[in-house]
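> after the sequence you'll find the predicted model.
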Amino acid sequence: MIQLRYSNLFAPTLKEAPSDAEIKSHEYLVRGAFIRKVTAGVYNYLPLGKRVLDKIWRIVKEEMDNIGAQEMLMPIIQPAELWKITGRWDDYGPTMMKLHDRHEREFTLGPTHEEVVTFLMKSELSSYKQLPVTVYQIANKYRDELRPRYGLLRAREFIMKDAYSFHSSWKSLDEVYQDMRKAYEKIMERTYLKYLVIEAASGAIGGNQSHEFVSLAPIGESNVLYCEKCGYQASDERTLYKGKYEKIGMDEEEKELERVETPNVKTVEQVANFLGVDKKRIVKSLLYVGRKGMVMALIRGDLELNEEKLKEVLNDQSLRMATPEEVLGKFEVPIGFIGPVGVKDVYIIADHSVKYIKNAVVGGMKEDTHYVNVNLNRDFKVDEWAEMRMVKEGDPCPVCGAPLKATKGIELGHIFKLGTKYSEAMKAYYMDEKGELKPFIMGCYGWGVSRTLSAIVEQYHDDKGIIWPISVAPYTFVVTIVNMNKKEQVEAGEKIYKALLSSGEEVLLDDRMTTPGIKFNDADLIGFPIRITVGKALKEGKVEVKMRHSNERIKVDYEEDAKLIETLKNMKESYKPEPKV
RNA sequence: CAGGGGGUAGUUCAGGUGGAAGAACGCCGGAAUCGGGAUCCGGAGGUCGCGGGUUCAAAUCCCGCCCCCCUGACCA
């Protein structure tokens, strides 16, 4: 039996919140001695944090093993060549931590492993008889986040479980996809997280499908739209607009095109105020840079453009907004005054909302001017129409039309049917029954393991600290000896501690030579589910047992081990903290 | 990357018009205590982010760099 007493535990708790903690999970994980920052977005896991991490790790591992996924380990350092084959050296580019060796060969610290695993399978699998195969790993990942924050939530180094499956049929992929879905639901249940499974696909295109597993939290960075009427749940980025298009001035006569002075009036808001028109009458012109050059995207002034949709429509993940300098270089017009009128050599793509605006307002293509009374086809042309708006709360549900509701969450899991994107790019083929070479059909499945710690703390805490669900608690019980100078308290504490240990429970004995207040506050902060207080009640032959979540306290006889253990196990059974959401 | 704030003890922070480095908490030793970070006495602990400059003298002024934090994410 391994014994570790609190007096020997490396758990430096903090009374004050660290100055950079903005959210409770970050504050409590640091104060409770679970983690310590090394540098922005990079953390040490202290012994308590490692214990919690191990529990989550084990849950994830067990659920993967249960569905027949095989654990392996892939390298953190990956050569640039692999990423150049799939084009992601540029697509993923800025988010990757890049480095080079002494010979100036380029590498990345892997943000994910599709390239590596596909390359592996390309060399090692050659026949349909060897398929399907699902492999996974739980390992460090690296992303050079624009701005790391929120402790483990948006970190630059983090621990992720990533699984990859290889198939010779879509049906087989679908089976593993469904298995993964169930496994993820089990992980959510075993960590007691309140969650939603949301559609992350923009439509049923060629069997491509994707779901996110989102742990609910107001501070979450995923925006979820859901429909109370039909049960539709999806990320806002992927929700299609299927509502009506408002007609703006469509009953008016087409007026004569006119260029007006709008000194220093740039944003839609400013233009609307300055000219005294509705924002809906303005056509917003956004310039993007992609693989095939520049693209101008148009959308009604009051709407937001959904970049994900644009990238998908144009099939170009490298798409990004042009910089002000690039805009100036292209049109010799500063941002704020560009528009589609007179544009010739730039591809123009427009949201359907633009179709229904007559006598619109657009940038004047000359500093400090705008065009008014602009009309489609007469004054500008559109090369392609698409649905590209960011759907918001209140917009109609794409399935049933009822108004959508919005909520926020933390993305923990993401499962994706990749299809043959990577296998084709990397020429990873197997031979089928007919002797033909076919690209592997693939799926990939991620789970943010380190991030799960934060997600749990976000849902399970109060103003004193963390309230761990037992399945992930660093220890289930803490035995608190109130007065270390009283021999009988020390003896009773030891006795209970050893009895719990030998009955297979995870327990920590707080034998520190310090005041009770410190012990109680640390216990609450760290969040042990059940505290056994060995103190003044000992005179009556009793110890006090306190539940962290409910504050319920009972006194129990401690003399008889068997009975005490039974009582404690019963209390453990009844320990059910409520998620805060 | 842009804009703003900051870097002084383990932590949270004062100090800043140039003139002997501070508080609280924590830590160490001791006393008295022992059911909610309690009290008293004594003590240790700093390259004031790094480098350069100005000066008799720099934490303080100037220049360069690094790091951290906040806001934003080019929505024209």
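Happy to help now that I have it. Residues are numbered from 1 along each chain as shown, chains lettered A, B, ... in the order given.

> when you work out contacts or count neighbours from here on, use the C-alpha atoms and nothing else.
Noted.

> near RNA strand B at all, stretch A:545-561?
No - if you take Cα under 7 Å from any atom of the strand as the test, stretch A:545-561 misses RNA strand B, and the best it gets is 7.8 Å.

> contacts only, for the closest residue to A:A11 other than its chain neighbours.
Among residues not flanking A:A11 along the chain, A:A33 sits closest, at 5.2 Å (Cα to Cα, 6 or more residues apart in numbering). Residues near A:A33 by Cα atoms under 8 Å, 6 or more residues apart in numbering: A:A11, A:P12, A:T13, A:L14, A:L46, A:L48, A:G49, A:I526.

> could you report the neighbour count for the closest residue to RNA strand B within chain A?
As assessed by Cα to the nearest atom of the strand, RNA strand B sits closest to A:G336 within chain A, at 1.4 Å. Residues lying near A:G336 (other Cα atoms under 10 Å) number 26.

> low-confidence stretches in the stretch 1-150 of chain A?
A:1 (pLDDT under 70).

> okay, strands next: where are they in it?
A:35-39, A:42-45, A:70-71, A:77-79, A:97-100, A:106-109, A:133-142 (DSSP state E, counting those that start in this stretch).

> tell me what the first one is packed against?
Applying 3 or more Cα pairs under 8 Å, 6 or more residues apart in numbering; DSSP states H and E, we find strand A:35-39 packed against strand A:42-45.

> is any residue of the strand it packs on near RNA strand B?
No - Strand A:42-45 stays clear of RNA strand B (Cα under 7 Å from any atom of the strand), getting no nearer than 8.3 Å.

> I'd like the contacts of A:A33 laid out as JSON lines, including neighbour count and distance to A:E552.
JSON lines is the format used below for the contacts of A:A33 (neighbours: other Cα atoms under 10 Å; distance: Cα to Cα, whole Å):
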{"residue": "A:A11", "neighbour count": "19", "distance to A:E552": "26"}
{"residue": "A:P12", "neighbour count": "13", "distance to A:E552": "27"}
{"residue": "A:T13", "neighbour count": "17", "distance to A:E552": "25"}
{"residue": "A:L14", "neighbour count": "15", "distance to A:E552": "26"}
{"residue": "A:L46", "neighbour count": "17", "distance to A:E552": "30"}
{"residue": "A:L48", "neighbour count": "21", "distance to A:E552": "25"}
{"residue": "A:G49", "neighbour count": "23", "distance to A:E552": "26"}
{"residue": "A:I526", "neighbour count": "25", "distance to A:E552": "18"}
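
> which of these fall in helices?
Members of the contacts of A:A33 lying in helices (criterion: DSSP state H): A:L48, A:G49, A:I526.

> my read: A:S168 touches A:L131, true?
Yes - judged on Cα atoms under 8 Å, A:S168 makes contact with A:L131 at a distance of 6.5 Å.

> who has more neighbours out of the two?
The neighbour comparison of A:S168 against A:L131 (other Cα under 10 Å) goes to A:S168, with 24 against 17.

> phi first, then psi, for that one.
The phi/psi pair for A:S168 (degrees, to the nearest 10) reads phi -110, psi 0.

> and if you look at the one 5 residues further on?
Recorded main-chain torsions at A:L173 are phi -60, psi -40, according to degrees, to the nearest 10.

> for A:Y128, see how far away the residue nearest the centre of chain A is.
Compute the mean C-alpha point of chain A, and by Cα atoms, centre = their mean the closest residue is A:E411, 2.8 Å away. Applying Cα to Cα, to the nearest Å, the value for A:E411 to A:Y128 is 34 Å.

> can you check A:R149 too?
With Cα to Cα as the criterion, A:R149 and A:Y128 are 45 Å apart.

> do the same with A:L46
In terms of Cα to Cα, A:L46 sits 46 Å off from A:Y128.

> just checking, what packs against the helix or strand containing A:I496?
Taking DSSP states H and E as the criterion, A:I496 maps to helix A:487-502. When contacts are defined as 3+ Cα pairs under 8 Å, 6+ apart, helix A:487-502 sits against strand A:477-481, strand A:507-510, strand A:530-534, helix A:561-574.

> hey, where'd the helices end up in the stretch 251-400 of chain A?
For the stretch 251-400 of chain A, the helices defined by DSSP state H, counting those that start in this stretch cover A:268-275, A:307-314, A:324-331.

> check the ones you listed for me: which has the lowest mean pLDDT.
With a mean of 78, helix A:324-331 has the lowest mean pLDDT of these.

> before we move on, the earlier item: ok, the residue nearest to the centre of chain A - contacts?
A:E212, A:F213, A:V214, A:S215, A:G220, A:E221, A:S222.

> I'd like the mean pLDDT over the helix or strand containing it, please.
Using DSSP H and E, A:E411 sits in strand A:405-419. Across strand A:405-419, the average pLDDT comes to 90.

> pull out the buried positions in that strand.
A:405-419 (16 or more other Cα atoms under 10 Å).

> okay, now the sheet partners of it, with direction.
Paired neighbours of strand A:405-419 in the sheet (DSSP bridges): strand A:210-216 (antiparallel), strand A:222-226 (antiparallel), strand A:441-448 (antiparallel).

> CA atoms of it as PDB?
Taking C-alpha atoms only, strand A:405-419 is exported to PDB below (Å, rounded to 0.1, in the frame of the first residue of the first chain):
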ATOM      1  CA  LYS A 405     -31.600  29.700 -29.400                       C
ATOM      2  CA  ALA A 406     -27.900  30.300 -28.700                       C
ATOM      3  CA  THR A 407     -25.600  29.000 -25.900                       C
ATOM      4  CA  LYS A 408     -21.900  28.700 -25.300                       C
ATOM      5  CA  GLY A 409     -19.600  25.800 -24.600                       C
ATOM      6  CA  ILE A 410     -16.200  24.300 -24.600                       C
ATOM      7  CA  GLU A 411     -15.300  22.100 -27.500                       C
ATOM      8  CA  LEU A 412     -14.000  18.900 -26.000                       C
ATOM      9  CA  GLY A 413     -14.500  16.300 -28.700                       C
ATOM     10  CA  HIS A 414     -14.600  16.500 -32.500                       C
ATOM     11  CA  ILE A 415     -15.300  13.500 -34.800                       C
ATOM     12  CA  PHE A 416     -14.900  13.800 -38.500                       C
ATOM     13  CA  LYS A 417     -15.400  11.700 -41.600                       C
ATOM     14  CA  LEU A 418     -12.400  12.700 -43.600                       C
ATOM     15  CA  GLY A 419     -13.100  10.600 -46.600                       C
END
